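Chemist: One predicted model, sequence on top.
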Amino acid sequence: MISHRLLRQFIALAEELHFGRAAARMHIAQPALSHAIKKLEEYVGVELFARDRRGVALTQAGQVFLEQTYQTLAQGELAVERAQNAANGSAGHLSIGFIGSSGYGFMPSIIARFRDNYPGIDIRIAEMPTLEQLEQLENRQIDVGILRTPLTKKKDFLNLRLFARDRLMVAVHQDHHLAQRSELALAELADEPLVTFNRDKVPASYAQLMSACLAAGFHPRIAQECSQVAGVICVVAAGLGLAIIPSDLKSLMHPKVRYIALRGDDKHVNIELSLAWRKDDRNPVLNSFLASAGALSTKN
């Protein structure tokens, strides 16, 4: 194995083509440099320099060796830089899970800012409901989740950070008798068939809907259950029911669907979006993501 010091001594002589100047440049005695170059040539097995009374010149083999030496040292410096970047969280990999509704509101802003701040990080994102995110966090398949809170069950291995607050709204078919209203009270939906997120796949959203309806004085009439946001909107567009969904889905336009605000400031109408990550996660990139996302937080 050739040391980097020896390679730098070789470069100094190749650039100076004078043992005295190269030795002074490397802060060593000239005999020591001559001995080092001789050892290098013995190791390589060919002459790298032609020596005569007129001075020193690179041989053809020496010229090729010089080009490769430049590349070797540059790769070593790049390896050091990348290792340092990985340690300080400015390079590496981050896997992110997000709920579908956040993809129409907060999630793109979080990711865009993070990519602007840390372009050297490889980001992998996957849409999945909160329950699946919790499973993947527990199994270390993702580093951080963007999900709805509060959780139906406490997870002691997780850190949770409230990121943003949102409100529920009502999605109705354009021909529904409520479609022209600008706002509704939740109690006005007591007799309406509702389209909900699946209670098994999206338990937090389902539980929140049930709590909100019960707080408004009625038990919801559930007509359909869907596991994805797009499915809920499509069922509403088919005229099979109304949906109570996060208002950040207003950007998900459908020609047959109207969105109506819910009246009041009841806690059941307000919803939360949070970031979740393992307490024992040691990925430095995670801290960079949390710092970047924190600047966009609207929780207050």
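Modeler: Nice, I can see it. Numbering: from 1, shown residues only.

Chemist: so where is this protein shaky, pLDDT-wise?
Modeler: Within the chain, the stretches with pLDDT under 70 are 78-91, 265-267, 295-300.

Chemist: Have a look at it and report its longest strand.
Modeler: Assignment by DSSP state E gives strand 158-173 as the longest strand of the chain.

Chemist: Tell me which helix or strand comes right after that one.
Modeler: Using DSSP states H and E, the next helix or strand after strand 158-173 towards the C-terminus is strand 183-184.

Chemist: Each with direction, which strands does that next one pair with?
Modeler: With DSSP bridges as the test, strand 183-184 is paired with strand 257-262 (parallel).

Chemist: Could you spell out the sheet neighbours of the next helix or strand after the partner strand, each with its direction?
Modeler: Following strand 257-262 in sequence order, the next helix or strand is strand 270-278 (DSSP H and E). For strand 270-278, the pairing partners within the sheet under DSSP bridges are strand 144-149 (antiparallel), strand 158-173 (antiparallel).

Chemist: what sits up against the shortest one?
Modeler: Right, the one you point to is strand 144-149. By CB atoms under 8 Å, 6 or more residues apart in numbering, the residues outside strand 144-149 that reach it are 94-99, 102, 106-107, 110, 130, 133-134, 136-137, 160, 162-163, 204-205, 208, 271-277, 286, 289-290. C-betas here are computed from N, CA, C, even on glycine.

Chemist: Separate out the buried members of those.
Modeler: Restricting these to buried positions leaves 94-99, 102, 106-107, 110, 130, 133-134, 136-137, 160, 163, 204-205, 208, 271-277, 286, 289-290, with burial counted as 16 or more other CB atoms under 10 Å.

Chemist: can you tell me which of the residues you listed are in strands?
Modeler: Those of the buried ones among the contacts of strand 144-149 lying in strands (DSSP E): 94-98, 160, 163, 271-277.

Chemist: so can I have JSON lines of the residues you listed showing distance to R115?
Modeler: Listed next are those as JSON lines, based on distance: CB to CB, whole Å:
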{"residue": "L94", "distance to R115": "11"}
{"residue": "S95", "distance to R115": "15"}
{"residue": "I96", "distance to R115": "12"}
{"residue": "G97", "distance to R115": "17"}
{"residue": "F98", "distance to R115": "15"}
{"residue": "L160", "distance to R115": "24"}
{"residue": "F163", "distance to R115": "18"}
{"residue": "I271", "distance to R115": "27"}
{"residue": "E272", "distance to R115": "25"}
{"residue": "L273", "distance to R115": "20"}
{"residue": "S274", "distance to R115": "21"}
{"residue": "L275", "distance to R115": "17"}
{"residue": "A276", "distance to R115": "21"}
{"residue": "W277", "distance to R115": "19"}
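
Chemist: hmm, who's touching whatever helix or strand L194 lives in?
Modeler: Here L194 sits within strand 193-197, counting by DSSP H and E. For strand 193-197, contacts defined as CB under 8 Å, 6+ apart pick out 129, 171, 205-206, 209, 220-227, 232, 235-236, 240-244.

Chemist: who wins for proximity to A261 among the strands paired with strand 270-278?
Modeler: Taking CB to CB, strand 158-173 is the member of the strands paired with strand 270-278 nearest to A261, at 5.5 Å.

Chemist: Using neighbour counts, pick out the buried residues of the closest one.
Modeler: The neighbour-count check on strand 158-173 (16+ other CB under 10 Å) flags 158, 160, 163-164, 166, 168-173 as buried.

Chemist: Which positions in the strand or helix carrying L7 come out as buried?
Modeler: With secondary structure defined by DSSP H and E, L7 is part of helix 4-16. For helix 4-16, burial by neighbour count (16+ other CB under 10 Å) applies to 6-7, 9-14, 16.

Chemist: Over to stretch 32-44?
Modeler: Residues 33, 36-37, 40-41 are the ones in stretch 32-44 that count as buried (16+ other CB under 10 Å).
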